[in-house]
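Undergrad: Provided below for reference: sequence and predicted model.
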Amino acid sequence: ISSFVALTLGCMLASRLNMRRDADGGGKTGGGFVKLGAWAMAGYRRLLDFTLSARLLVMTLSIGLAATAILIYPTLDEELLPSEDRGALYLMLQGPDGVGLDYMDRQSAQAEAILQPLRARGEITNILSIVGRWDLNRVYISAPLAPWSERSRSQEEIVAQLRPQLKAIPGATARIWSPNSLNLHRSGGSIEFALTGANHNDIAAAADDFLSVMHAEMPQYEDPEVEFQQTQPQLTVQVDRRRAEDLGVPIEGIVDTLRAMIDGFEVAELNVNDRSIPVMLESAAGAINDPGDLHNLFVSARDGALVPLSAFVNLRETGVAAELDRTGQKRAVEIQAALPPGYAMRQAISDVEAVAEGRLPDGIGLRFLNEAATLQDTSNEIAITFAIAVLVVLLVLAAQFESVFSALVIVLTVPFGLAAAVFALKLTGSSLNIYSQIGLIMLIGLMAKNGILVVEFADQLRDRGLSVIDAIHSAAMTRLRPVMMTMLSTVLGALPLVLASGAGAEARIAIGWVIFGGLGIATLFTLILIPVLYSLLAPLGAPRAHAGVRLDRELREMNAPAPMPLDKAAE
């Protein structure tokens, strides 16, 4: 759409709004911007003369800057998403296994009391608590924040205040997190990974040992915990089948009696007025909630006699895991640790991998989950995306220029533009995340656009008969103003992103710094490095005019009349 506007509406506006008058018409020929432009042109001419006469020095310095960027790149904080203020807080309270709703309701009241002062100050607009969500020993609390313009503290500052208060709640483990723009499950300020293997008990033993190592060697993590805990009470009913058979008690009768007396079970289903109504068999005295009362139940034998369960049933109470997780089609035990403020996810992944190296038993694997796993996947995919973007730019430019060497001049400046973006991220203290990576891909196109302005005009001048040096010198001087106009319009257009605030500001700031700082520095590579690269690569290919001359000659030879045979000529 923008190309259509530029080729139609832009031309019309230029013809109608170009009201500048020359000196004979009484218009002004000078001014502050004109003098500034003349000063910039004179300075750039001297710089261009120097760089074209010292091409080896320019290439050496450029390669040195690129090497410096390569060394700086690993020092950048890498994370999937920057810390975002999404205007909401989520809390999860988990009590001991086996507790009921009354117990967790009391824990929920303590958490709500901690949130209540923030609601009184207007920072939190509402508090929604769900007791028993997913499990009886869990509480889920949602607390929407006031709009960004109506509160003085950010979401991260509020979380930092609440976290120690929630951790002090006795009898329950509290976790607070905030949503993210990608709607990733259980993300935001924590690293999650799993140890995998063939047996949950063996994996759990390895996870406990790994947790001890984390406490000793990774004190920066806040309360790492293993989610596999064999503390869920389970009552096992062991039936002596031979004894039950001797007493004439069928196994089906034992099962039906236990289901009816404990929880009730569906024995039939009625259809009334197109509504399906289940018929439940339950105890008239109410469900049994004391395991000891199970011994007092009676089961009908085949002869009609009532036999107590205690005659052939043993009860055994054990602790089991509430959940048996699987990851990557393998049995797994998950470990979770909250990250301290300012600690990047990539650094956390590297730390865990370093600790796991040589520490895990044979047959036990390591697999990252949720945000950490997504970061690893996107890091690999972004490299492929960069490679495809550069390849597409090279192929398209080679087709447009009808010269591989002219396209290479532009493509070879792309790594230096990315180096400029690395410097911009480092100087501003920004992290390498999914938004800044989007900005880097945009930077490839912006770098190519500035290079096209210079290289295309230099090719035209070569077609007119100018030498390579004269052509690129004249093209660079002529295209200085358009290049600077493009750079300034793009950089200043990115300034609102850098100064953004409110909802979604973190994403806009991440992209803005790459464009604002990266393109500003990368323009120097366009004005200095492209002339040098063109002067080195252009002599390897002939001007396009030579191909036109050759084509014209071949066409004339094809259209020329065939030579007359000698005997015909003699006649």
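TA: Good, I have the coordinates.
Undergrad: And the contacts of the helix or strand hosting Ile511?
TA: Under DSSP states H and E, the secondary-structure element containing Ile511 is helix 505-513. Applying CB atoms under 8 Å, 6 or more residues apart in numbering, the external contacts of helix 505-513 come out as 81-85, 181, 424-425, 428, 430-431, 433, 435-436, 438-439, 442, 494-498, 500. (C-beta placed from N, C-alpha, C; glycine too.)
Undergrad: cool, stretch 278-293 as well?
TA: Contact with stretch 278-293 is made by 235, 256, 259-270, 294, 297, 315, 317, as judged by CB under 8 Å, 6+ apart.
Undergrad: mind saving the C-alpha coords of it as PDB?
TA: What follows is stretch 278-293, C-alpha atoms only, in PDB (Å, rounded to 0.1, in the frame of the first residue of the first chain):
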ATOM      1  CA  PRO A 278     -28.700 -39.700  36.500                       C
ATOM      2  CA  VAL A 279     -30.000 -42.000  39.300                       C
ATOM      3  CA  MET A 280     -27.300 -42.100  42.100                       C
ATOM      4  CA  LEU A 281     -27.000 -44.800  44.700                       C
ATOM      5  CA  GLU A 282     -25.800 -43.200  48.000                       C
ATOM      6  CA  SER A 283     -25.800 -44.000  51.700                       C
ATOM      7  CA  ALA A 284     -28.900 -42.900  53.600                       C
ATOM      8  CA  ALA A 285     -26.700 -42.000  56.600                       C
ATOM      9  CA  GLY A 286     -24.300 -39.800  54.600                       C
ATOM     10  CA  ALA A 287     -20.900 -40.500  53.000                       C
ATOM     11  CA  ILE A 288     -18.200 -42.000  55.200                       C
ATOM     12  CA  ASN A 289     -15.300 -39.600  55.900                       C
ATOM     13  CA  ASP A 290     -13.500 -41.700  58.600                       C
ATOM     14  CA  PRO A 291     -11.400 -44.600  57.200                       C
ATOM     15  CA  GLY A 292     -11.900 -46.500  60.400                       C
ATOM     16  CA  ASP A 293     -15.700 -46.700  59.700                       C
END
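Undergrad: buried sites along that stretch?
TA: For stretch 278-293, burial by neighbour count (16 or more other CB atoms under 10 Å) applies to Ile288.
Undergrad: okay, how far is it across stretch 421-435, tip to tip?
TA: End-to-end distance for stretch 421-435, by CA to CA, to the nearest Å: 13 Å.
Undergrad: Then stretch 425-436?
TA: With CA to CA as the measure, stretch 425-436 spans 9 Å from end to end.
Undergrad: for the longest helix seen in the chain, packing partners?
TA: What stands out as the longest helix in the chain, according to DSSP state H, is helix 370-401. If you count contacts as 3 or more CB pairs under 8 Å, 6 or more residues apart in numbering; DSSP states H and E, helix 370-401 packs onto strand 190-197, helix 345-356, helix 404-411, helix 434-463.
Undergrad: Can you convert those into CSV and add a column each for mean neighbour count and mean pLDDT?
TA: Shown next, in CSV, are those (neighbours: other CB atoms under 10 Å; pLDDT from 0 to 100):
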stretch, mean neighbour count, mean pLDDT
strand 190-197, 23, 84
helix 345-356, 18, 83
helix 404-411, 22, 84
helix 434-463, 21, 82
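Undergrad: what residue ranges in the stretch 401-550 of the chain score low on pLDDT?
TA: 542-550 (pLDDT under 70).
Undergrad: swap that for the stretch 1-150 of the chain, please
TA: 18-33.
Undergrad: what about the helices in it?
TA: Under the criterion DSSP state H, counting those that start in this stretch, the stretch 1-150 of the chain contains helices at 2-7, 9-17, 32-53, 55-72, 101-120.
Undergrad: Can you tell me which of those is most buried?
TA: Neighbour counts (mean count of other CB atoms under 10 Å) averaged over each of those peak at helix 101-120, with a mean of 16.
Undergrad: CA atoms only for that one, dumped as CSV, please.
TA: This file holds the C-alpha atoms of helix 101-120, laid out as CSV (Å, rounded to 0.1, in the frame of the first residue of the first chain):
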residue,chain,number,x,y,z
LEU,A,101,-11.6,-26.5,51.4
ASP,A,102,-12.0,-25.0,54.9
TYR,A,103,-8.2,-25.1,55.5
MET,A,104,-7.5,-23.4,52.1
ASP,A,105,-10.2,-20.9,52.6
ARG,A,106,-8.4,-19.6,55.7
GLN,A,107,-5.2,-19.3,53.7
SER,A,108,-7.1,-17.4,51.0
ALA,A,109,-8.4,-15.0,53.6
GLN,A,110,-4.8,-14.2,54.7
ALA,A,111,-3.7,-13.5,51.1
GLU,A,112,-6.7,-11.3,50.5
ALA,A,113,-5.8,-9.3,53.7
ILE,A,114,-2.4,-8.6,52.2
LEU,A,115,-3.9,-7.4,49.0
GLN,A,116,-6.6,-5.3,50.7
PRO,A,117,-4.4,-2.2,51.5
LEU,A,118,-3.5,-2.0,47.8
ARG,A,119,-7.1,-2.1,46.9
ALA,A,120,-7.9,0.7,49.4
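Undergrad: Against which helices or strands is it packed?
TA: With contacts taken as 3+ CB pairs under 8 Å, 6+ apart, helix 101-120 sits against strand 88-94, strand 128-131, strand 138-144, helix 155-167.
Undergrad: List the contacts of the residue nearest in space to the middle of the chain.
TA: Per CA atoms, centre = their mean, the C-alpha nearest to the average position across the chain is that of Leu80, at 3.7 Å. Residues near Leu80 by CB under 8 Å, 6+ apart: Leu182, Leu184, Ser187, Met345, Glu371, Thr374, Leu375, Thr378, Asn433, Ile434.
Undergrad: so what's the first one up against?
TA: Put plainly, it is Leu182. Residues in contact with Leu182 (CB under 8 Å, 6+ apart) are Leu80, Leu81, Thr374, Ile434.
Undergrad: A helix includes Tyr249, no?
TA: Just to correct that, residue 249 is Val rather than Tyr. No. Read with DSSP: H, G, I helix; E, B strand; the rest coil, Val249 is coil and lies in no helix.
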